[in-house]
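Asker: coords please:
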Amino acid sequence: MSSTELTPEELAEIERKYDPELAFRPTGPKAGHVIGAILAAMSIYHFYAGGFALIPELLHRGIHLAFVLCLAFLLFSWRRSPVDQAQAKVWWRLDGLPFLDILWAVLGVGAALYLPLLPPEALASRVGNPSQMDVFMGSALILLTLEVCRRSVGPTLPIIAIVFMLFALFGPYAPGPLKHGGASWLALVNHLYMTNQGIYGIAIGVMAKYVFLFILFGVLATRIGLGQLFIDLAMVIAGRYAGGPAKVAIFSSAFMGTISGSSIANTVTTGALTIPAMKRVGYPAHFAGAVEATSSTGGQITPPILGAAAFIMVEYLEIPLRDVLAAALFPAMLHYFGIFIMVHLEAKRLGLRGLTAAELPKLGIVLKQHWLSIIPLIILVYMILTGRTPDYAAVYGIIACVIVGVLNPVNRLSIRDLWEALGDGARNTIAVGAAAATVGIVVGVVTLTGVGFRLGYVVVQTANDLGAILGSIWPLSYATVAQWSLFMSLVLIAFACIIMGAGIPTTATYIILVAVAAPALAVQQVQPLVAHFFVFYYGVLADITPPVALAAYAAAGIAGANPFQTGNTAFRLGIAKALVPFVFVYSPSLLIVAEGFTWSAFAITLAGAAMGIAGLGVAFSGFFLAPMPKWQRWWVGLVSLLFIAPGLPTMALGLLLWTPVVLLQVKDRKALAA
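Answerer: Here you go, the predicted structure:
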């Protein structure tokens, strides 16, 4: 093993360091067995509920939330510090678990199940007029939800939720258009706890019904060898070409993205192989880390798994999952195309080699060893495309994983492996579930106060004012004020997504900001599907946007590079992801299932977007056929922005404006060759 490669233990430590969702507390063996049993029970319950039982919706959400709260208090320490972890054996801990956390876990289970277990007639009579016990349990659930979110995700999202609750309570003192009549604590608890508009809302419902099963499927698919198949196939496809390991990182991350929606997990899984290989062929450490981080963030936008936000989108828009997958397909391909262009140009600029035949796996051997592992994914995709519900497809995908794991002699799935996979699947959902419950608090305040429409109004008014200013300046006045207003609305929402996403998970960012973006963009006549995808994409972009680019920082830990430099480079490589959402706003045909789709508009949009992304790649790389002076880079970059609104006139104009630079590049290449 190369000295630059890390052991599995070191990789796991990097993942825990940069992903707060995996920073689990150490416990003694007895406590570990109890927690493992609860985790396995959670997976078994969701599998049974998803495929074989008809459980009332509120009860299902309550049981899921009870598991989340219980396990979060058992798995996550109240503070992540060496001092706290070193005190595992003290009188107030039971085998490493503080008695107080055990008490909170029990109270969380009680608060989460209290409401769903009420008789329907009693619940109906108390909504709007909660009893003292209702208020106590609701208050306890709100506070416990905020605490488990702080432990598992970090403080940012709970702080946002608290700010929203304060806004609801002190509405009469809010400024300007945000002012409202205010709500009492009793009314707030009633709305957040007693109705399906708060903690028991769509977010936790989607986690319980869909996301858990898809995460469990991804864990099992990886266990039976599908992840290794993807990495080996990526090496066979791209390893031999210039800068091969970087291209392997792109392809392997794209493949892994089909079964995992976690940016950091993808980064560590594939980066353990690709980052050391990139460094060996000559890529700088920060660039190697950036390539892997940027590629891995594509997992959240790559069908068929996507991120949890995609399933929220299904519920919000009331459309089939297959439509969301179809809409996501070509934007995801453009994301990887943009990274590929920059990686290829960087390899050419540095004169880097590909991998040798001895370093590459043999296609025949790869397929012989791992072909069985692709069957569950094929079954999953087939069921989704034929109109089956996502939970039904996931359940049968899980069954297929177990069957293949038992039959496959190379990656045999033992009873112990299955038990561990059940535990890992549940463990990977705890933080997401805590975030979803906390987002329910935010959404509840939005529906109670109407603040989403108020904030949307502020965005529209600000964009209109900026549009009027820009529309009065020559030559910007060639675009109308309405066109500038739409553009500035998109810019404001994009910045809000990036800022919010820097501290909270993508799903939470999406749910919170779509409440603002959807009304604001609806005023601009933007389709709901397009508005939701716009927010979704920019929420994902935060994973590689400094100063809190967690995927980039994890990759920097593997590469031994400067984290901030890696984050900056990752953002540059992911610039395509920043351009693509603007493209499908101006030309929704890129999303395939959007209203007004035509094949001719789709072909023009796809070609124009690819040209614009390629141009931006050239501009940011500073190399095309030869090194480029700064003026050429600026010229190519500015011309590439024409393709934000692809069409035959803009494409023709862009090609015409690029022509002088291309001719100069041909001349410079000949001069270098001579």
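Asker: going forward, measure contacts and count neighbours with C-alpha atoms only.
Answerer: Noted.
Asker: sec struct for the spatially closest residue to Leu75 that is not a sequence neighbour, please.
Answerer: Spatial nearest neighbour of Leu75, excluding adjacent residues (Cα to Cα, 6 or more residues apart in numbering): Phe24 at 5.3 Å. Here Phe24 is recorded as coil under DSSP: H, G, I helix; E, B strand; the rest coil.
Asker: how about Gln197?
Answerer: On the three-state scheme (three-state DSSP), Gln197 is labelled coil.
Asker: who touches it in this structure?
Answerer: By Cα atoms under 8 Å, 6 or more residues apart in numbering, Gln197 lies in contact with 191, 440, 443-444, 447.
Asker: tell me which of the residues you listed is nearest to Met165?
Answerer: Gly444 (9.2 Å; Cα to Cα).
Asker: flag the shaky bits of the protein, pLDDT-wise.
Answerer: 1-22, 80-92, 257-258, 260-262, 307, 501-503, 542-543, 546-549, 576-577, 674 (pLDDT under 70).
Asker: which segments of it make up each domain?
Answerer: The chain breaks down by automatic domain parsing into domains covering 8-199, 204-413, 596-674.
Asker: gap between the two ends of the longest one?
Answerer: Across its full length, domain 204-413 reaches 31 Å end to end, with Cα to Cα, to the nearest Å as the criterion.
Asker: can we start the residue count at 55 from this point?
Answerer: Got it, the first residue is 55 from now on, which makes the last one we talked about domain 258-467.
Asker: circling back to that earlier point, the contacts of Gln251 in helices, which ones?
Answerer: Of those, the ones assigned to helices by DSSP state H are 245, 494, 497-498, 501.
Asker: Leu399 and Gly325, how far apart?
Answerer: For Leu399, the distance to Gly325 - Cα to Cα - is 21 Å.
Asker: and the two? Which one has more around it.
Answerer: Gly325 (29 against 21; other Cα atoms under 10 Å).
Asker: so how far is the helix or strand harbouring that one off the chain centroid?
Answerer: Secondary structure from DSSP states H and E places Gly325 in helix 317-335. Helix 317-335 sits 19 Å away from the centroid of its parent chain (Cα atoms, centre = their mean, to the nearest Å).
Asker: hey, C-alpha coordinates of it in CSV?
Answerer: C-alpha atoms of helix 317-335 as CSV (Å, rounded to 0.1, in the frame of the first residue of the first chain):
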residue,chain,number,x,y,z
SER,A,317,-22.0,13.4,-0.4
ILE,A,318,-19.5,12.6,2.5
ALA,A,319,-20.1,8.9,2.4
ASN,A,320,-19.5,8.8,-1.3
THR,A,321,-16.4,10.9,-0.9
VAL,A,322,-14.8,8.6,1.6
THR,A,323,-15.9,5.4,-0.1
THR,A,324,-14.5,6.1,-3.6
GLY,A,325,-11.9,8.7,-2.5
ALA,A,326,-10.0,6.1,-0.5
LEU,A,327,-9.0,4.6,-3.9
THR,A,328,-9.1,7.5,-6.3
ILE,A,329,-7.4,10.3,-4.3
PRO,A,330,-4.1,8.5,-3.7
ALA,A,331,-4.1,7.3,-7.4
MET,A,332,-4.6,10.9,-8.6
LYS,A,333,-1.7,12.1,-6.5
ARG,A,334,0.5,9.3,-7.8
VAL,A,335,0.0,10.3,-11.4
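Asker: just checking, next helix/strand downstream of that helix?
Answerer: Where DSSP H and E defines the elements, the next helix or strand beyond helix 317-335 is helix 339-351.
Asker: contacts for whichever helix or strand comes after that following helix, please.
Answerer: The helix or strand immediately downstream of helix 339-351 is helix 362-371, counting by DSSP H and E. Helix 362-371 is contacted from outside by 256-257, 260-261, 264-265, 315, 374-375, 378, 560-561, 564-565, 582-583, 586, 590, using Cα under 8 Å, 6+ apart.
Asker: also stretch 485-498?
Answerer: 75, 119, 122-123, 126, 196, 199-200, 202-203, 206-207, 211-212, 214-215, 218-219, 245-246, 251-258, 261, 559, 561-562, 565-566, 569.
Asker: go again with 6 Å.
Answerer: 75, 203, 206, 215, 246, 251-253, 257-258, 562 (Cα atoms under 6 Å, 6 or more residues apart in numbering).
Asker: same check on stretch 419-426?
Answerer: Leu283.
Asker: list the buried residues in that stretch.
Answerer: Neighbour-count burial for stretch 419-426 flags 420, 424, 426 (criterion: 16 or more other Cα atoms under 10 Å).
Asker: quick check: the last one vs Ala275, distance?
Answerer: Same thing as Leu426. When Leu426 is compared with Ala275 (using Cα to Cα), they lie 11 Å apart.
Asker: same question for Ala120.
Answerer: 27 Å.
Asker: now Phe284
Answerer: Phe284 is 11 Å from Ala275, by Cα to Cα.
Asker: give the contact list for Leu467.
Answerer: Neighbouring residues of Leu467 by Cα under 6 Å, 6+ apart: 459-460.
Asker: try it again with 7 Å
Answerer: Applying Cα atoms under 7 Å, 6 or more residues apart in numbering to Leu467 gives the contacts 278, 459-460.
Asker: one more: Tyr436?
Answerer: With Cα under 7 Å, 6+ apart, Tyr436 has no contacts at all.
Asker: please apply the same query to Thr276.
Answerer: Contacts of Thr276 (Cα under 7 Å, 6+ apart): none.
Asker: in a helix, that's where it is, yeah?
Answerer: Yes: counting by three-state DSSP, Thr276 is located in a helix.
Asker: ramachandran coordinates for Leu169?
Answerer: phi -70, psi -50 (degrees, to the nearest 10).
Asker: what's the helix holding Gly325 packed up against?
Answerer: helix 62-72, helix 298-310, helix 339-351, helix 604-613 (3 or more Cα pairs under 7 Å, 6 or more residues apart in numbering; DSSP states H and E).
Asker: in terms of helices and strands, where is the residue nearest to Leu627 when sequence neighbours are not counted?
Answerer: Once flanking residues are discounted, Leu627 sits nearest to Ile393: 5.6 Å by Cα to Cα, 6+ apart. In this assignment (DSSP H and E), Ile393 forms part of helix 375-404.
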